[in-house]
Each structure stands twice: as C-alpha cells, then as structure tokens.
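Colleague: What would the 3D arrangement of this be:
(2 chains)
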There are 2 protein chains.
Amino acid sequence: MIDVCLLGTGGTMPLPGRALTSLLLRYNGHTFLVDCGEGTQVQIRKSGFSMHDIDVILITHFHADHVTGLSGLLLSMAKSERREKVTIVAPKGGTEIIRCLCITAPAMPFELEIKELTEMKERFELYGLIIDAVEAEHSVLCYAYSFTLSRKGRFDAEKARTLGVIVKDWKLLQNGTSIIAGGRTITPEMVLGAPRKGIKVTYCTDTRPLPRLTELAMDSDLLICEGMYAEEDKLKMAIEKKHMIFFEAAKTAHDANAKKLWLTHFSPALDDPQSYSDYIKAKFDNSLIPNDLEKIELRYT
Amino acid sequence: MIDVCLLGTGGTMPLPGRALTSLLLRYNGHTFLVDCGEGTQVQIRKSGFSMHDIDVILITHFHADHVTGLSGLLLSMAKSERREKVTIVAPKGGTEIIRCLCITAPAMPFELEIKELTEMKERFELYGLIIDAVEAEHSVLCYAYSFTLSRKGRFDAEKARTLGVIVKDWKLLQNGTSIIAGGRTITPEMVLGAPRKGIKVTYCTDTRPLPRLTELAMDSDLLICEGMYAEEDKLKMAIEKKHMIFFEAAKTAHDANAKKLWLTHFSPALDDPQSYSDYIKAKFDNSLIPNDLEKIELRYT
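Modeller: Numbering: from 1, shown residues only, chains lettered A, B, ... in the order given. From the prediction side, this is the model:
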C-alpha cells in the first residue's frame, strides 16, 4: 500500500487557502517528499504525516516555489529528533544550490546525501520503491518522477510441495532467496508466477507535455500532473511559459492509460479551479481537481 | 499616523494557525517590513496590506525563521508590478547571505539596495521615519529596531503675525524653511514651539533583555517584544537560548515607559499563549498577547 497526500495545489506563489504544490508518499514506514516550496512544512503538519519520517526529498527543479521551504523543513526535522540520513534527489547542480538555500541551516544533526541527476532518464531504488526520473521541458532543468512498488508473482504452494520445499522455507523463496530441497537448488522463479501489477504514482510538474513523460506515466494508478492554466485559449501562454493547460494534462493521462488524474500547480490567477471539474471529466473521466491535502491510499489491485 | 500589523506571532517554525513573527508598518504611503520568514508573503495577503508598496525590508538576523521567505516575497513583489527600488537593512554580512537565499530569484525588475549595519547603534531616516537599530544579544548577530515619526512644535501664529510674516509663508516655516519678512530672516525656531511627542514603535526579537534595548524602546507607543517562553521557570532555558521569558518582556516595557506591549515569537511548545493574558497584565498593565495579524493605528497624542 502507498499513502499519497498532495500537500498543496498552487503554482508560482503561496496564497491564503492554496499552498504550493508538493507531494508526500508513504510506503512501508518510509516517507518521500517531492518538492518543498514556502509553507510545505506547515502543510505536512496539517496532513497528519510526520516530517520526522521523511527519508527522501525529490526536487523537480530550482524555482523558488518548489524549493524555498527546504531549509525550514530540514530544521524542523532536526527539531523533531530526526537523526537518520536524509537523501535529496535533485537536478544537476543541486548540491551547490541546496548549500546556498540552506545557508541559514548550516549544520544538521543528520547526514544529508544529495544525489544529482545527470541523465535524461534515470532509474534507481530507494527504500523499496523504484523511482524513475525523466527530464521534463521547462524554463530550467526539471524532472518528473514516477514511483513504482513492484509486486512479485503469486506463490505456487502446490508446486513448492511437489518440489519438496518445507513450509518454513516458503518465505525465503517468496522473498527472492534460493533454497536447497531434496538435494537440489530451488530458485524463486520455480515457485513464483509472473510478476503482478504493482502500484505506480507519477508526478509531473512544471513542464510542457512530452512523449517521454507520457511513457513515464504509462499505466500509473495515479498521475499527478500540472495544469497551470485551465482554458484552452491559454495554450499560447502555456507554451511560452513552459506549462500545460488542463486539456494537455488530460490528454497525457489518456495517452498514458493512467487510472486517475489529479491536476495541480494552478496559476494564482485561476480563482476557482474546481469550476472546471465537469470540463476536465469530459476530457478524462477519472479526473479530479483536488484541494490542498487531498489524500488517497493506493492498494494492489 | 502609522498603521501597524503584526503578521505572525510564532518563533522557530511556522505552525498551522501561527505564522512566523514579522511586522508591517505603513506611513505616508510607504510600507516597512521587519523580518520575512517562511509564509510571510501569505500573511501580507491576509493582512490587506499591499506587498507592492513595501519600500524597506529590515532583517533582525539570519536565522531561517526570520528570512527564508525573502526570495518568495521579492518574486511576488516583482509579479505585482513593483518596479521601484527596495531597500533591505540587514546585519553585517547580509549582502552575501541574501544573494545566497535569493539564488532561485536571481534577477529582479527593481533595484535592491542592501544596507549593512556595522555599528552597535545606528540611526538613519527612510521615507520620513527615523529608524534606530541597536545590536541585540542573540546566538548570532541580531538587531532590534525602533521607528520614530517625529512631530514639530506647534506653530505660533500670533508670533508670526508680530514678526510680519505673511500667511502664504507660514507653510514654509512649518516645513523648516527660513524666510525673509520685514527685511530680516525669520527662522522656523522663531515661530515653532518645542518639538512635540511623535509616534514610536519598537520591535525587539530575538534577544536577551539589555539596558540598551530598554533605552531603544524608551517612551515607545508600542513595544513589540519577544516572549519565547511564558513561565518564569523557563528562565534558564531563555538565558541559554538567548531569548526572553514573558516577565522579562514586561519588565522591559515597564522600564522603557512603553505605552503598550505586544508579546510575540512564541515557542512552538507554547500551545496557548493567550492563557497567560492575566498573568502578563499583572506584570505590565497595557500588555497584549496578540493573535497573528493583530493591527493598530497609532496617532499623535
């Protein structure tokens, strides 16, 4: 199971009642945060998640509305008695920028490991989640991320019995360890079916739509995608500012065969994003224009 | 008249319902901001003041809870079409720290003039307010500020007439310009009484109490003073962390002959500062434990 909370839905600047866009994911006791604009730590408190448990912070890009809350968050994590390492994943050049942003928080009581992304597409695993980072198209270097919880194939108990595997060794095989039974090696593949569908969440802001982002989002259970502007006549501005209109987010969700779409990163000029609810559902049925702190538990299906 | 709004009352970290301490003053169309922690720009929006009109930003010290909102505020001011110069007053070394904090906001469409304080006591005038900066006692270099609107003496019309000053020259004398009447020079001092009491606001956080801060706050109409901890048994911690307990703020107000005291910069561990309202009034009668966005109009008395 993955718990998801979209902490805010705003873009550009925080507003009363609309915090800046950032995402919390929790899996197996580990918490992942994507982006940390001004006010994100307050939203984490409101969400009921614990900032103490944040193991990984992923930064999409170094615009102020996505990162200026970082130093305050790290200081508050320190005050919450966090002592374990925190990993920050960020675009190339991030180490120096983060050092600068955190000039008022120079010494942390935990290790800060900064992983800079250097390729257009990168895949790595942290605390049991596979993370794909793909370069987006924005006015500065920017990455979209997907988080995948893979799921092993079904355990074939009948086959295990036939192969003479004793019950206490089943768990080892389920967890990927080969064992010896009846004098021969039994590998997990011999008793597990084909991998089953896991859980996938994709987070995609700030960017123009791109085929490689559709690919990143392919078969996501939840695609969280920017929609800076609502109306189709804002397309020219979206192209110029390297953002998306709602329709483009819906098309990305459709083309990626996503199960659900949440729009986010609304322009401060967009007074009432929810008024476009019917519009966006007509474009992609399982769409939501969320409020800040929208939550969902994603389970294996 | 000076309009005052205490934007937040929290210390250390922003909390849901308690923003970080910062102050807005408005005089004669010019707005002064003291400190700019994470979330200050949202509080400005809530206050009804315009961030577009902020001409001066004074920083007490470079702890995260007092400055990390600076880059976001400046960006939002730029988006509000601000094009006039903004003056930042900050402790020594501030230019480099501000450059670092604003790394995500490198180019502003207005001039940013940074004035670094270098002396223990400095006095300067900006947009008609006399500002006194006095070094506080905190774990890093920190300044307290007072803002004084001076008031000239009463114009003695009878004396002006006796000296042969024609009515159309009265305004010149009232504004400090000498004139010629009946073949001789008439100076403003000849027709103005002694300067009258003006309006004074003092802002004092983060610091231990000090005689020079009492002197800074002398005869203030409003003293806004930190009270990080409420109870007297927290004195040892206050000394260690270079903060004050409520009682020390009340004593400062009393010794400085302040008219009003507002406490602020409450520890996140202090759940209900207002519950100490009777306690603090018993120490200094005209005390207030304000909520965020507390406002007052200060007029000549």
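Colleague: Which parts of the stretch 201-301 of chain A are helices?
Modeller: The residue ranges that make up the helices of the stretch 201-301 of chain A, judged by DSSP state H, counting those that start in this stretch, are A:211-216, A:235-241, A:246-255, A:277-283.
Colleague: most tightly surrounded among these?
Modeller: Across these, the average number of neighbours (mean count of other CB atoms under 10 Å in any protein chain shown) peaks for helix A:246-255, which reaches a mean of 23. For the C-beta atoms, the positions are set from N, CA and C on the backbone; glycine is no exception.
Colleague: List the contacts of it.
Modeller: A:204, A:208-209, A:213-214, A:217, A:223, A:225-227, A:229-232, A:235, A:238, A:244, A:258, A:260-261, A:263, A:276, A:279-280, A:283-284, A:287 (CB atoms under 8 Å, 6 or more residues apart in numbering or on different chains).
Colleague: Please identify which of the helices of the stretch 201-301 of chain A is closest to residue B:155.
Modeller: Smallest distance to residue B:155 across the helices of the stretch 201-301 of chain A (CB to CB): 57.0 Å, for helix A:235-241.
Colleague: about what we covered before: got a quick ChimeraX command for the buried subset of the contacts of helix A:246-255?
Modeller: Command for ChimeraX that selects the buried part of the contacts of helix A:246-255, burial taken from 16 or more other CB atoms under 10 Å in any protein chain shown:
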select /A:204,208,209,213,214,217,223,225,226,227,229,230,238,244,258,260,261,263,276,279,280,283,284,287
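Colleague: residues from the stretch 201-301 of chain A in reach of chain B?
Modeller: Applying CB under 8 Å from any CB of the partner chain, we find that the stretch 201-301 of chain A lies next to chain B at no residue.
Colleague: Looking at the stretch 201-301 of chain A, what residue ends up closest to chain B?
Modeller: residue A:268 (8.1 Å; CB to the nearest CB).
Colleague: cool, and the stretch 101-250 of chain A?
Modeller: Sorted by distance to chain B under CB to the nearest CB, the residues of the stretch 101-250 of chain A start with residue A:104, at 4.1 Å.
Colleague: Mind telling me what element that residue is part of?
Modeller: For residue A:104, there is no helix or strand it lies in under DSSP states H and E.
Colleague: what about it, neighbour count?
Modeller: 20 (other CB atoms under 10 Å in any protein chain shown).
Colleague: Which elements pack onto the helix or strand that contains residue A:5?
Modeller: Secondary-structure assignment from DSSP H and E places residue A:5 in strand A:2-8. Contacts defined by 3 or more CB pairs under 8 Å, 6 or more residues apart in numbering or on different chains; DSSP states H and E place strand A:2-8 against strand A:22-27, helix A:40-47, strand A:196-204, strand A:261-264, strand A:294-298.
Colleague: If we use 7 Å, what do you get?
Modeller: Secondary structure elements in contact with strand A:2-8, counted by 3 or more CB pairs under 7 Å, 6 or more residues apart in numbering or on different chains; DSSP states H and E, are strand A:22-27, helix A:40-47, strand A:196-204, strand A:294-298.
Colleague: Touching the shortest one from outside, list them.
Modeller: This means strand A:294-298. A:1-6, A:199, A:201, A:221-222, A:262 (CB atoms under 7 Å, 6 or more residues apart in numbering or on different chains).
Colleague: Which members of these are classed as buried?
Modeller: A:2-6, A:199, A:201, A:221-222, A:262.
Colleague: related to what we said a few turns ago, export the helices and strands packed on strand A:2-8 as CSV, with columns for mean pLDDT.
Modeller: Putting the helices and strands packed on strand A:2-8 into CSV (pLDDT from 0 to 100) gives the following:
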stretch, mean pLDDT
strand A:22-27, 98
helix A:40-47, 98
strand A:196-204, 96
strand A:294-298, 98
